[in-house]
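Novice: heads up, no residue letters with this:
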């Protein structure tokens, strides 16, 4: 597939997104940008959230992860289902009862202004890093496939990428994203389905043989109970999955902002229920694709692994142009369905939580400030992605993402757990100290455990940091 063909594909894809943006950009008010007027159909939200949850990281990394970790990731996915149940039954009722735009406003009413700003700041840090990781991965693939050959520097690739996202989100934000994410999720699911079909057909597998082939493969081992010190142990991964879902969806402005656009709580809960089912199935399909790609690479002498596996086979193998086209469509869709909502949620949180625009300014001034913040957040993402280009190692990106999330989302987990399950107050001005200290203490404990006890925390580090934050809040409680 020639670079020109790839550019035309990308151009046509974004032409569709810009058309959707034009059709949905009727108002451009803050009510549209932040909450879509609370008129989003729940089924569109549920379907669009799948793409936002999976992202380009999952699209690239999960299939490449199978060679080294088998199906162990599915233990985390099973844990997700418990976490999503908590979101639907505990957190969504809270958010709708308080009629929140930013979910971190809850912390202000429960604890005070310092806690509120701390929670919002940890989200901003987490989401900037997380969104940048995801976009870095996709920009790197596009750089290798297209722009290096054209002599285009990486920073220009990244800048154009963010600019395209800004173009279709700057006016109506989440109102547009509910529709664009639905389309992008569809592209992503079709892409993975086509990849499974083409690779399995080339390997001579029928539908019945395909299921048997995956089930009998050594790579499809799913449950790990042997070594409790290992990061792959079932209990660690299952519990981590539950808490990852709670914090990276239920305590994340990006994901919850979509839910809060539903007409009422009942619709939002239906959205979470169907989202959970479909997301579980889709993750299993990605892992199954990982088995096929790994075996195909071994049989055909293809030297690719981890994050390079899927892209190398799709674009450089002899499977034909069809898989290359759908791979690129799926990759772009998966990446931008998470990146566009991340940019919108960053703008929302910074505008409402940090600058307090709803409290300080009239509607016209709020819109002007929000537009400037949208530009600022776009520039921040560009800068962080360019930095990643020079500091990221070659380890699987999804592992890095969740490891980092364990440290940055841990304090949010502790804050909300303390607020929801106790009636105690805290010395509000000391909350930032607790929230900042907990990740450093968690890292020290993790390092000592790994070096001297051969005990790997894995994704379980999220729970440790949440617990340390909770205990710190207990120590600074007030009467």
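Specialist: Nice, I can see it. None of the values given here were measured: they were computed from a predicted structure. Numbering: from 1, shown residues only.

Novice: now the strands for the stretch 301-450 of the chain?
Specialist: 425-426 (DSSP state E, counting those that start in this stretch).

Novice: Flag the shaky bits of it, pLDDT-wise.
Specialist: 391-406 (pLDDT under 70).

Novice: which residue ranges form the helices in it?
Specialist: Secondary structure of the stretch 301-450 of the chain (DSSP state H, counting those that start in this stretch): helices located at 309-316, 321-349, 357-360, 363-391, 397-408, 410-421, 431-453.

Novice: now the stretch 1-150 of the chain
Specialist: For the stretch 1-150 of the chain, the helices defined by DSSP H, counting those that start in this stretch occupy 3-24, 30-35, 42-69, 73-86, 92-98, 105-110, 113-142.

Novice: Tabulate these in TSV, adding columns for mean neighbour count.
Specialist: Placement of C-beta: from N, CA and C, glycine included. As requested, the helices of the stretch 1-150 of the chain are arranged in TSV below (neighbours: other Cβ atoms under 10 Å):
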stretch	mean neighbour count
helix 3-24	15
helix 30-35	22
helix 42-69	24
helix 73-86	21
helix 92-98	16
helix 105-110	19
helix 113-142	23
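
Novice: who wins for proximity to residue 304 among those helices?
Specialist: Among these, the nearest to residue 304 by Cβ to Cβ is helix 42-69 (8.4 Å).

Novice: For the closest one, name the packing helices and strands.
Specialist: Secondary-structure packing of helix 42-69 (3 or more Cβ pairs under 8 Å, 6 or more residues apart in numbering; DSSP states H and E): helix 113-142, helix 174-202, helix 253-259, helix 265-299, helix 309-316, helix 321-349, helix 397-408.

Novice: between that helix and helix 73-86, how big is the angle?
Specialist: 150 degrees (axes from the mean of the first three to the mean of the last three Cα atoms, to 10 degrees).

Novice: tell me the average confidence for helix 42-69?
Specialist: In this model, helix 42-69 has a mean pLDDT of 77.

Novice: What of stretch 8-27?
Specialist: Taken as a whole, stretch 8-27 has a mean pLDDT of 78.

Novice: now that stretch, how far from the centre of its chain.
Specialist: Averaging C-alpha positions (Cα atoms, centre = their mean, to the nearest Å) puts stretch 8-27 22 Å from its chain's average.

Novice: Stretch 446-458 now?
Specialist: Chain-centre distance of stretch 446-458: 27 Å, with Cα atoms, centre = their mean.

Novice: picking that back up, compare the helices of the stretch 301-450 of the chain and give me the one nearest residue 273.
Specialist: helix 321-349 (20.3 Å).

Novice: on that earlier part again, of the helices of the stretch 301-450 of the chain, give the one that comes closest to residue 264.
Specialist: For residue 264, the closest of the helices of the stretch 301-450 of the chain is helix 321-349, at 20.6 Å, according to Cβ to Cβ.
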